[in-house]
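*Asks:* need coordinates for the following:
(chains A and B)
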There are 2 protein chains.
Amino acid sequence: MNTPSKQSEPLAETLLVVGVGLLGGSIATASRERGLAKHIIGVGRSEQRINQAIAAGILDAGTTNLAKAAEQADLIIFCTPVDCIARDVIAIHPHLSESCIVTDVGSTKGEICQQVDTALGKGKHQFIGSHPLAGSEKTGFEHSSSDLFEQAAVVITPQSETPESRTELLVQFWTAIGAKIHLMSPEAHDKTLAMTSHLPHLVASALAASVKEKDLPLAATGYADTTRIAAGDPELWTSIFLQNSTAMLEATQEFQQQLKAMIEAIKQGNQDHLAALLETGKQQRDSWKKK
Amino acid sequence: MNTPSKQSEPLAETLLVVGVGLLGGSIATASRERGLAKHIIGVGRSEQRINQAIAAGILDAGTTNLAKAAEQADLIIFCTPVDCIARDVIAIHPHLSESCIVTDVGSTKGEICQQVDTALGKGKHQFIGSHPLAGSEKTGFEHSSSDLFEQAAVVITPQSETPESRTELLVQFWTAIGAKIHLMSPEAHDKTLAMTSHLPHLVASALAASVKEKDLPLAATGYADTTRIAAGDPELWTSIFLQNSTAMLEATQEFQQQLKAMIEAIKQGNQDHLAALLETGKQQRDSWKKK
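*Replies:* Numbering: from 1, shown residues only, chains lettered A, B, ... in the order given. Have a look, this model is predicted:
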């Protein structure tokens, strides 16, 4: 889908962003710039931070009371850690207006959707998962950017019971802030992201843990790029890995097989086979650049 | 060591760069800019390419005849693949003037030094290994940059038989083009670089080989950074891995242990242990940034 021109009609009367950090702040800013909501409100844990976000012009209003804010909202987007989302989606359910749509930006989808289904009943809730593949090492709404989602992939994971009109509104919303939409099941999302995001993070962390501080004066750009994401928040990534453990373990098996084949070729001094294995990696990496 | 001001006295009458690509071209350009040699000549496989480098003002003169060029040189720097260096260092030995110093830019040092020692006798040759930790995905002298070595680490690997005055000249040369010098044995170099450079490359390649093309539309910056170096030349890296196989295999053992510990913690759902392992990776990565 292409990036549309600026909306003339708002998609939501009141947009509620839960967790006003880099992602939440960027969603608020992008929505305001494109006229996607009449009111943009935020919920955070710290009253002081919420007031700072209001003062910065990111939010129209804010509170630490999630249930109260949820009552007023037409579209709610959870930008909180993956292991908090289902719990809070379940908690606000009794407070929602009938037409309200609830989504999130979590990096895992299967576990969250399953927990919500189990607690509220399949097809009896207003949650549809989203996952924008956008972010930064920077944290906090101070680093918000209204074009963070320009050309970013956003996965939306409707379930068979999800009314099409609700999925369509989410598609319109993410498209309007610049994203390219991918519709898939929560399970397919988790399997794919295990390979393209969670496995790279685990590998980068294991690599960063392997290279000792004494050797770092002789680490250059190769080391720096390969390990950059290992500087991410350990608690946040622990939650992601554990929420997506089944697909993660499959992904690690694939990686370990590739690595073992390369190690074996080094052991045997098998130049042709080693070059062929590296060539496979190169070709697949090069094919990404063309996208 | 600090970056010095521009040299007033050239360090070499004639500098010979063997292999005029990105690194060779950058050494030539940096040397010219800093007045480090009166004449800068180059050797390449292709007469046409050498003539282009002369036309581009990178070389004063050039040839495809290595032995003939070597006769005129005071300082020779091999910028050719690691598995060609020792062979050519040995081949030019009879053609060298007594005071000539021969070095290289290869990513491995032990195997090269050992082959030269074996062929010419320890302490009976004019070769001292160098390894500048600088480069780019770009290739060809067209991408030469006179500041490629500014603040880059350069390892010089003198052996116990190497006259100090010769090591000192190499230190002066690399320092003059902006590098920070590390003196160590060829073996210590290979062990350290196995961890900080060769292991990251192998891991990036195995990761790139694991993530299939169908999943790449959902690969974002984490994937991109972690796998960037997998796009490097497979033949060049095959030679590096095989030349440094002993240290490489040790490095992969360390990495596999770290990875296995993380996988085990995911399997067991051990949140605290997994977070602690990721924290170790984060801390070591963060300590690099401070350097």
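*Asks:* now do the strands in chain A.
*Replies:* A:12-18, A:37-43, A:61-63, A:75-78, A:101-104, A:129-132, A:153-157, A:180-183 (DSSP state E).
*Asks:* between the first one and strand A:37-43, how many degrees?
*Replies:* Translated: strand A:12-18. Counting by axes from the mean of the first three to the mean of the last three Cα atoms, to 10 degrees, strand A:12-18 lies at 20 degrees to strand A:37-43.
*Asks:* which regions of the stretch 101-250 of chain A sit below the pLDDT cut-off?
*Replies:* Where the stretch 101-250 of chain A drops to pLDDT under 70, the residues are A:137.
*Asks:* for chain B, which of the strands of chain A is the nearest?
*Replies:* With Cβ to the nearest Cβ as the criterion, chain B lies closest to strand A:153-157 of the strands of chain A, at 5.7 Å. Placement of C-beta: from N, CA and C, glycine included.
*Asks:* can you lay out the strands of chain A as TSV showing mean neighbour count and distance to chain B?
*Replies:* Below are the strands of chain A laid out as TSV (neighbours: other Cβ atoms under 10 Å in any protein chain shown; distance: least, Cβ to the nearest Cβ, whole Å):
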stretch	mean neighbour count	distance to chain B
strand A:12-18	25	21
strand A:37-43	22	25
strand A:61-63	18	29
strand A:75-78	26	19
strand A:101-104	25	17
strand A:129-132	26	9
strand A:153-157	23	6
strand A:180-183	16	7
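*Asks:* turn those strands into JSON lines, columns for distance to B:I27.
*Replies:* Converted to JSON lines, the strands of chain A look like this (distance: least, Cβ to Cβ, whole Å):
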{"stretch": "strand A:12-18", "distance to B:I27": "53"}
{"stretch": "strand A:37-43", "distance to B:I27": "55"}
{"stretch": "strand A:61-63", "distance to B:I27": "58"}
{"stretch": "strand A:75-78", "distance to B:I27": "53"}
{"stretch": "strand A:101-104", "distance to B:I27": "53"}
{"stretch": "strand A:129-132", "distance to B:I27": "45"}
{"stretch": "strand A:153-157", "distance to B:I27": "42"}
{"stretch": "strand A:180-183", "distance to B:I27": "44"}
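*Asks:* so who does the residue of the stretch 1-150 of chain A found nearest chain B touch?
*Replies:* With Cβ to the nearest Cβ as the measure, A:L133 is the residue of the stretch 1-150 of chain A nearest to chain B, at 4.1 Å. Contacts for A:L133 were tallied using Cβ atoms under 8 Å, 6 or more residues apart in numbering or on different chains; they are A:A152, A:A153, A:V154, A:V155, A:S197, B:L218, B:A220.
*Asks:* which of the residues you listed lies closest to B:N270?
*Replies:* Nearest to B:N270, judged by Cβ to Cβ, of the contacts of A:L133 is A:S197 at 21.7 Å.
*Asks:* show me the helices in the stretch 101-250 of chain A, by range?
*Replies:* Taking DSSP state H, counting those that start in this stretch to define them, one finds helices in the stretch 101-250 of chain A at A:110-120, A:164-176, A:186-193, A:199-210, A:221-227, A:234-243, A:245-268.
*Asks:* quick one: which of the strands of chain A is nearest B:M184?
*Replies:* Taking Cβ to Cβ, strand A:153-157 is the member of these nearest to B:M184, at 45.0 Å.
*Asks:* before we move on, back to that, which non-adjacent residue is nearest the residue of the stretch 1-150 of chain A closest to chain B?
*Replies:* Closest residue to A:L133 apart from its sequence neighbours, by Cβ to Cβ, 6 or more residues apart in numbering or on different chains: B:A220 at 4.1 Å.
*Asks:* what about that neighbour, neighbour count?
*Replies:* As a burial measure, B:A220 scores 17 neighbours (other Cβ atoms under 10 Å in any protein chain shown).
*Asks:* so it makes contact with A:A153?
*Replies:* Yes - if you go by Cβ atoms under 8 Å, B:A220 and A:A153 touch, sitting 7.0 Å apart.
*Asks:* OK, contacts around the residue lying closest to A:H198 once chain neighbours are set aside?
*Replies:* Of all residues beyond its chain neighbours, the one nearest A:H198 is A:M248 (5.4 Å), with distances taken as Cβ to Cβ, 6+ apart. If you count contacts by Cβ under 8 Å, 6+ apart, A:M248 has them with A:A194, A:H198, A:L199, A:L202, A:F241, B:I266.
*Asks:* swap the cut-off to 7 Å and go again
*Replies:* By Cβ atoms under 7 Å, 6 or more residues apart in numbering or on different chains, the residues touching A:M248 are A:A194, A:H198, A:F241, B:I266.
*Asks:* touching, A:T227 and B:R285? I think so.
*Replies:* Yes - using Cβ atoms under 7 Å, A:T227 makes contact with B:R285 at a distance of 5.0 Å.
*Asks:* any residues in contact with both of the two?
*Replies:* Common neighbours of A:T227 and B:R285, using Cβ under 7 Å, 6+ apart, are A:A208.
*Asks:* looking at those two, which is more packed in?
*Replies:* Under the criterion of other Cβ under 10 Å, the comparison of A:T227 against B:R285 puts A:T227 first, with 28 against 25.
*Asks:* excluding residues flanking it in the chain, which one is nearest the more buried one?
*Replies:* A:A208 (4.2 Å).
*Asks:* that neighbour: neighbour count?
*Replies:* For A:A208, using other Cβ under 10 Å, the count is 27.
*Asks:* same question for A:L207.
*Replies:* Considering only other Cβ under 10 Å, A:L207 is surrounded by 28 other residues.
*Asks:* and it, what does it touch?
*Replies:* Taking Cβ under 7 Å, 6+ apart, we find A:L207 in contact with A:T226, A:T227, B:P200, B:V203, B:F255.
*Asks:* could you do A:D286 as well?
*Replies:* By Cβ under 7 Å, 6+ apart, the neighbours of A:D286 are B:A231.
*Asks:* ok, it to B:L216 distance?
*Replies:* The gap separating A:D286 from B:L216 is 11 Å, by Cβ to Cβ, to the nearest Å.
*Asks:* okay, and the beta partners of the nearest residue to A:A37 once chain neighbours are set aside?
*Replies:* Distance criterion Cβ to Cβ, 6+ apart; nearest residue to A:A37, sequence neighbours excluded, is A:L15 at 3.6 Å. Legend: beta-bridge partners of A:L15 under DSSP bridges are A:I40, A:L75.
*Asks:* and the pLDDT at A:L15?
*Replies:* Note for A:L15: predicted pLDDT of 98.
*Asks:* that one against A:G35, yeah?
*Replies:* No - in this structure A:L15 lies outside contact range of A:G35 using Cβ under 7 Å: 11.3 Å.
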